[in-house]
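K.L.:
Following is a predicted model, sequence given first.
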Amino acid sequence: MVNDSLDAINVVFDDDRSVADAGVLVAATLARRLGIEALVNECVDLGRRVGYFRPGRKVMSLVHAMLLGADSIDDCDVLRSGRTGRVLGHRVMAPSTLGTFLRAFTFGHVRQLDRVLGLLLARAWKAGAGPGSERLVIDVDSFIREVHGKQKQGASYGYTSKLGYHPLVATRAGSGEVLHVRFRTGKANSQRGIIRFADELIARVRRAGASGEILVRADSGFHNHKLRARLAGNGVLYSISVRLTAPTLAAIDVIAEDAWVALVDYPDTGEAQIAETMIKGERLIVRRVRLVGPQAQLFSTWRHYAALTNRTEPLAIVEAEHRDHANIELEIRDLVDQALAHAPSGQFNANAAWTVIAAIAHNLHRWTELIGLPDTTPRRARTNRRRLLQMPGRLTRHSRTSTLHLPARWPWQADWLTALTRVRALPALI
């Protein structure tokens, strides 16, 4: 006999008190404490262009929708369901209004929005999320944001032979915050604009309160003598992979065989060794790897990976920390898993503005963890959305008191309440 108990449930969309994603209250509270809406109103001036009025609440509508996983403008409409807007602290704008707003952006307006990102970084770090006098490790990389269709302004085929854009991004190791981002056309070389990007990046983190040692890591796509000289001139340490050009290979070949040190923590299927030498006055660290056992015949010779650095610490420390640069791929994956899954507009500057707003949303997510749950190991964005943000609720009001009713026996109730308590303890407009 078929169990028809589920068929007996009547379904009616009529609860005007429901909140689709009630957990977003904790992130929205932090956004109010940081004064994001007012800061956008202060910094972004669209003149008399269509959509210019009160840009702050439009940016916040996009930010909160992105926090909940929106990857298109239409997805922002979920914020207008039930009483969801009541827990956000601002009026929620319609998708059509948000689309008009994004299309009003020029390159200069995108730069104004980028300034908001830098100022928010300073406010959040002052609130307790920053490195202070501790060492700040920055990872720089670029990635392809693939698009489909021929109506995307600035999209083109790059080195991956995929149609899309080629953003440049810098993240903070450990916390995953986006420190700087630059939206670029798809055919842009990895190094295009990197000198100015690095100058703005270093100036930004120092203004934000990073008073300790700064280390910048990058892959071989940023093998650039001018970049290394600029970083060193600004008192910044660097660790940047290099291409295996003829001079580099020649320097590796003269390393004595007894200078190679084995890595003991390498998988049993292969072996790895590290060594160092000098090339044109710079320290070159080298790792060589090869397979062992039955698969060794596939790669019987050593494969080399090298990086230039101005660090003076022992070789094992420098090489291991340089390998950790690969973790930036996890932060890029988080960005792509959220708003950057798509480039929603056909206009280049609208997509550039969307990218900066996506970075603000990503950082708000990270700051909610860093400030609200400082003793918790950072989780991926999708995990935190499921545990803390995408939680259904019901907002009621009785005797002039509003109460947000959340699910009983929610598995991550303690974390959510802890984060909300710590965020509410912050002074407003830090």
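P.N.:
That came through, no problem. Numbering: from 1, shown residues only.
K.L.:
CA only for contacts and neighbour counts going forward, please
P.N.:
OK.
K.L.:
what does the model give G149 for pLDDT?
P.N.:
At G149, the model reports a pLDDT of 82.
K.L.:
got any ranges where the stretch 301-430 of the chain has weak pLDDT?
P.N.:
429-430 (pLDDT under 70).
K.L.:
before we move on, what about the stretch 1-150 of the chain?
P.N.:
For the stretch 1-150 of the chain, the ranges with pLDDT under 70 are 1-3, 50-51.
K.L.:
ok, now with 50
P.N.:
Along the stretch 1-150 of the chain, no part satisfies pLDDT under 50.
K.L.:
can you map out the helices along it?
P.N.:
Along the stretch 1-150 of the chain, the segments classed as helices by DSSP state H, counting those that start in this stretch run 25-34, 36-43, 55-67, 95-103, 107-124.
K.L.:
From the contact counts, what lies against the fourth one?
P.N.:
Translated: helix 95-103. helix 55-67, helix 348-372 (3 or more CA pairs under 8 Å, 6 or more residues apart in numbering; DSSP states H and E).
K.L.:
Now do the buried residues in stretch 270-282.
P.N.:
271-277 (16 or more other CA atoms under 10 Å).
K.L.:
you'd agree V292 is up against P267?
P.N.:
No - contact criterion CA atoms under 8 Å: V292 and P267 do not qualify, at 10.1 Å.
K.L.:
Compare the two (neighbour count), which wins?
P.N.:
V292 (15 against 10; other CA atoms under 10 Å).
K.L.:
gap between the more buried one and N224?
P.N.:
Relative to N224, V292 is positioned 35 Å away (CA to CA, to the nearest Å).
K.L.:
ok, the residue nearest the centre of the chain - contacts?
P.N.:
Central residue of the chain (CA atoms, centre = their mean): V178, 4.2 Å from the mean position. Residues near V178 by CA atoms under 8 Å, 6 or more residues apart in numbering: 169-172, 359-360, 362-363.
K.L.:
Over to K226?
P.N.:
I195.
K.L.:
what separates it from D199, distance-wise?
P.N.:
12 Å.
K.L.:
Can you give me the buried ones in stretch 76-90?
P.N.:
76-80, 82-90.
K.L.:
next one: stretch 407-420
P.N.:
Buried-residue list, stretch 407-420, by 16+ other CA under 10 Å: 415-416, 419-420.
K.L.:
what do you get for stretch 180-193?
P.N.:
Quick answer for stretch 180-193 (16+ other CA under 10 Å): 180-191.
K.L.:
okay if I get those residues as CSV plus distance to G164, pLDDT and secondary structure?
P.N.:
Below are the buried residues of stretch 180-193 laid out as CSV (distance: CA to CA, whole Å; pLDDT from 0 to 100; DSSP: H, G, I helix; E, B strand; the rest coil):
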residue, distance to G164, pLDDT, secondary structure
H180, 20, 98, strand
V181, 16, 97, strand
R182, 15, 97, strand
F183, 11, 96, coil
R184, 10, 95, coil
T185, 8, 94, coil
G186, 5, 91, coil
K187, 8, 90, coil
A188, 11, 91, coil
N189, 13, 90, coil
S190, 14, 90, coil
Q191, 17, 92, coil
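K.L.:
Next, give me the two most distant ones among those residues.
P.N.:
H180 and K187 (20.3 Å; CA to CA).
K.L.:
D75 reaches H64, doesn't it?
P.N.:
No - contact criterion CA under 8 Å: D75 and H64 do not qualify, at 10.9 Å.
K.L.:
between these two, who's got more neighbours?
P.N.:
Neighbours were tallied for D75 and for H64 using other CA under 10 Å; the higher tally belongs to H64 (24 against 15).
K.L.:
Identify the residue spatially nearest to that one, adjacent ones excluded.
P.N.:
Excluding its sequence neighbours, the residue lying closest to H64 (CA to CA, 6 or more residues apart in numbering) is A361, at 7.1 Å.
K.L.:
neighbours around that neighbour, how many?
P.N.:
Around A361 there are 28 residues (other CA under 10 Å).
K.L.:
and if you look at R386?
P.N.:
Based on other CA under 10 Å, the number of other residues close to R386 is 14.
K.L.:
What is the three-state secondary structure of it?
P.N.:
helix (DSSP: H, G, I helix; E, B strand; the rest coil).
K.L.:
which ones are touching it?
P.N.:
R386 neighbours (CA under 8 Å, 6+ apart): none.
K.L.:
Relative to R123, how far out is it?
P.N.:
27 Å.
K.L.:
What's the separation between the residue nearest to H64 and L67?
P.N.:
A361 is 6 Å from L67, by CA to CA.
K.L.:
Same question for L46.
P.N.:
25 Å.
K.L.:
helix/strand/coil for T396?
P.N.:
Recorded secondary structure, T396: strand (three-state DSSP).
K.L.:
Report the beta-bridge partners for it.
P.N.:
Following DSSP bridges, T396 is listed with bridge partners T403.
K.L.:
and it, how many residues sit next to it?
P.N.:
The number of residues near T396, taken as other CA under 10 Å, comes to 15.
K.L.:
Repeat that for the one 3 residues further on.
P.N.:
Neighbourhood size, S399 [other CA under 10 Å]: 5.
K.L.:
Please apply the same query to L404.
P.N.:
L404, neighbours per other CA under 10 Å, totals 17.
K.L.:
I'd like the distance between it and Q191.
P.N.:
With CA to CA as the criterion, L404 and Q191 are 49 Å apart.
K.L.:
before we move on, what about G35?
P.N.:
Distance from G35 to Q191, by CA to CA: 34 Å.
K.L.:
Also V264?
P.N.:
V264 is 35 Å from Q191, by CA to CA.
K.L.:
can you check I285 too?
P.N.:
For I285, the distance to Q191 (CA to CA) stands at 22 Å.
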